[in-house]
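**Student:** any chance you can model this:
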Amino acid sequence: MRRRDFIKGIVGSATVGPLAVRAQQPEKSIVGMLDAGSAEGDADLLGGFRQALSEAGYVEGQNVAIEYRWAKGQYDLLPALASELVQLRPAVLLAPGLPAALSIKEATSTIPIVFVSGPDPVRSGLVANLNGPNGNITGVTLFTSVLVTKRLELLRELVPAAALIAFIVNPDDPRTKADVDDVEAGARTLEQQIIVLEVNSERDLEALFAMAIQRGVRALLVGNDPFINSQAQQLVTLAARYEVPAMYGLRKYVETGGLMSYSTSLPEPTLDASSKARNLLSCRLYSRPSLSLLSISRLPRRLDSQCRRRFWSPPTR
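**Tutor:** Numbering: from 1, shown residues only. Coordinates of the predicted model:
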């Protein structure tokens, strides 16, 4: 798993590499991880992280202590959780996702921070520029947000008769306004009617789907943020139950039965970052967008099977 290689490099950087500002390391190194989602929703990340520790010679509870903080979709908890981690004086902080990264950045200017984020980190305020981030923060950006209008275009091609498309977003995510602006601009270009539906609680998901269908929504564009991604299985299940085609921002939705996703190819940037993260202090932020991939799973009964062949054909050996 290449993601493990990346995380192994991060963990290794807790003891090697000339950091711009370096925390005093205790006898047992502490690694802090702040995530806006949940352990269940990010099980693949968590499993890779733990496995990478073992492969790098770190045994949790023996020569390294891992402190996890999960906001479970409650973004207002992130500042307090970030402060808790900083008070532990970890050797390095890992922040998957923009909301966690912004909170960690506000909490410390001395402890090394590594983020993994989809949105543009300059536009989001994480770093001043891509060539040489200053201070104590570096990381990997996947530039997934710039693909949101392309997802709308592909969804429109797949379901050309959908008079109304809903864009599902989390209003608490700092990237939401920019994503909504981009999607609305794309919709105007396509002359496509679109509505924005907000959700930030698991208990409201089914009501949101019911309301969308009642309002005449015929296709869904699902936003890409830690809370929404932590509800991948529930979203896929509801889309199938209501027989509404949906476009997602991560391949994992398709792997769990979702219709279609369009996103960056995650192995490419994580593989590249694994060789850079071992020298975190002089590391340059990886800024090259990786290959964009379209993934398609089964189609709802309402869609003709010929639609699938417009976008995908089996690979040849």
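**Student:** tell me the bridge partners for Val114.
**Tutor:** Leu94, Thr138 (DSSP bridges).
**Student:** let's see the pLDDT reported for it.
**Tutor:** Reading off the per-residue confidence, Val114 sits at a pLDDT of 82.
**Student:** buried stuff in stretch 192-204?
**Tutor:** The neighbour-count criterion (16 or more other Cβ atoms under 10 Å) identifies Gln192, Ile194, Val196, Leu197, Val199, Asn200 as the buried residues of stretch 192-204. Glycine gets a C-beta too; all of them are placed from N, C-alpha and C.
**Student:** and Tyr248, its phi and psi?
**Tutor:** Here is the backbone geometry of Tyr248 (degrees, to the nearest 10): phi -120, psi 170.
**Student:** same question but for Leu220, I mixed them up
**Tutor:** Geometry field for Leu220 lists phi and psi as phi -120, psi 140, criterion degrees, to the nearest 10.
**Student:** then the one 10 residues further on?
**Tutor:** Reported as degrees, to the nearest 10, the phi and psi values for Ser230 are phi -70, psi -10.
**Student:** which pLDDT value belongs to it?
**Tutor:** In the prediction, the pLDDT value recorded for Ser230 is 86.
**Student:** and it, what does it touch?
**Tutor:** Contact criterion Cβ atoms under 8 Å, 6 or more residues apart in numbering gives Gly37, Ser38, Glu40, Gly41, Asp42, Lys72, Gly73 as the residues in contact with Ser230.
**Student:** wait, which of the buried residues of stretch 192-204 is closest to Ile30?
**Tutor:** Set against Ile30, the nearest of the buried residues of stretch 192-204 by Cβ to Cβ is Asn200 (30.9 Å).
**Student:** now render the buried residues of stretch 192-204 as TSV, adding distance to Ser83, pLDDT and secondary structure.
**Tutor:** Putting the buried residues of stretch 192-204 into TSV (distance: Cβ to Cβ, whole Å; pLDDT from 0 to 100; DSSP: H, G, I helix; E, B strand; the rest coil) gives the following:
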residue	distance to Ser83	pLDDT	secondary structure
Gln192	43	95	coil
Ile194	39	96	strand
Val196	32	97	strand
Leu197	33	97	strand
Val199	28	95	coil
Asn200	22	91	coil
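**Student:** among these, which one sits closest to Lys28?
**Tutor:** With Cβ to Cβ as the yardstick, the closest approach to Lys28 among the buried residues of stretch 192-204 comes from Asn200, at 37.0 Å.
**Student:** sorry, back to before: hmm, which of the contacts of Ser230 are the buried ones?
**Tutor:** By neighbour count, with 16+ other Cβ under 10 Å, those hold Gly37, Ser38, Gly41, Asp42, Lys72, Gly73 as buried.
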